[in-house]
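> how does the following fold in three dimensions:
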Amino acid sequence: MKAEHEIKVFLVDDDAVFLKMLEIDFLQNEDFIIETYATGELCIAHLSNNPDVIILDYHLDGIDKNAMNGIETLDKIKAYNPDIPVVILSQQDKIEVAVNCMHHKAFDYVVKSETAFIRLQKIIPAIFRYKRIERELKWYMDRM
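Numbering: from 1, shown residues only. From the prediction side, this is the model:
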């Protein structure tokens with residue numbers, strides 16, 4: 001059964017194996033349209049494709065040591081459109097890294113693991129619930 005609204009997800013990761021595994025996991029669910037990018041620069045170049053959600057690696061330096069890292073990419077995404085929700089993925093299970101990502105306006109932070117896709121499956125619907133509540137709150141506030 002085809003979903004009424006497919007969710008366009010950008011997957012951005014320099015780890016080709018992890019990126020392919022994540023893409024396969026998402027493509028097994030017909031609710032998603034997936035675009036994959038190995039660098040933050042490629043992601044930024046394709047933002048006009050209007051992603052609903054971006055899943056972004058924290059480091060992004062595996063292909064080119066001079067490439068933008070995840071935080072720099074996140075900042076450019078938010079400068080382009082602050083409403084695009086971005087979830088940061090990282091091998092680092094450190095609270096300081098997660099807090100830094102939130103300071104840069106990431107929606108959430110997920111540690112790369114065998115359960116990362118399960119977490120992402122739960123986060124994506126939460127993003128849309130949050131956005132709906134935000135719209136409703138704005139609607140009420142505009143009437144006061």
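> can we go C-alpha only for contacts and neighbour counts from here?
Will do.
> which secondary structure elements does the longest helix seen in the chain sit against?
Criterion DSSP state H: the longest helix present in the chain is helix 116-142. On a contact count with 3 or more CA pairs under 8 Å, 6 or more residues apart in numbering; DSSP states H and E, helix 116-142 meets strand 108-111.
> the strand it packs on pairs with which strands?
If you go by DSSP bridges, strand 108-111 pairs up with strand 86-90 (parallel).
> and the strand it pairs with with helix 116-142, angle?
150 degrees (axes from the mean of the first three to the mean of the last three CA atoms, to 10 degrees).
> quick revisit: quick check: buried residues in the longest helix of the chain?
By neighbour count, with 16 or more other CA atoms under 10 Å as the criterion, the buried positions of helix 116-142 are F117, L120, I123, I124, I127.
> cool, and stretch 81-94?
Buried residues in stretch 81-94 (16+ other CA under 10 Å): I84, P85, V86, V87, I88, L89, S90.
> out of those residues, who's nearest Y109?
Of all those, I88 has the smallest distance to Y109: 4.8 Å, by CA to CA.
> pLDDT weak spots in the protein?
1-4 (pLDDT under 70).
> show me the strands in it, by range?
7-12, 32-37, 53-57, 86-90, 108-111 (DSSP state E).
> and the residue lying closest to G62 once chain neighbours are set aside, how many neighbours?
Spatial nearest neighbour of G62, excluding adjacent residues (CA to CA, 6 or more residues apart in numbering): D14 at 5.6 Å. When neighbours are defined as other CA atoms under 10 Å, D14 has 21 of them.
> my guess is D14 meets A67, correct?
No: counting by CA atoms under 8 Å, A67 is not a contact partner of D14; they are 10.1 Å apart.
> mutual contacts of the two, please.
Residues within reach of D14 and of A67 at once, by CA atoms under 8 Å, 6 or more residues apart in numbering, are T39, L60, D61.
> any chance of CSV for these, columns distance to V53 and neighbour count?
Shown next, in CSV, are those (distance: CA to CA, whole Å; neighbours: other CA atoms under 10 Å):
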residue, distance to V53, neighbour count
T39, 16, 26
L60, 18, 25
D61, 22, 19
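> still on that earlier bit, save the strands of the chain as CSV, and put in distance to T73 too.
CSV is the format used below for the strands of the chain (distance: least, CA to CA, whole Å):
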stretch, distance to T73
strand 7-12, 10
strand 32-37, 12
strand 53-57, 8
strand 86-90, 10
strand 108-111, 15
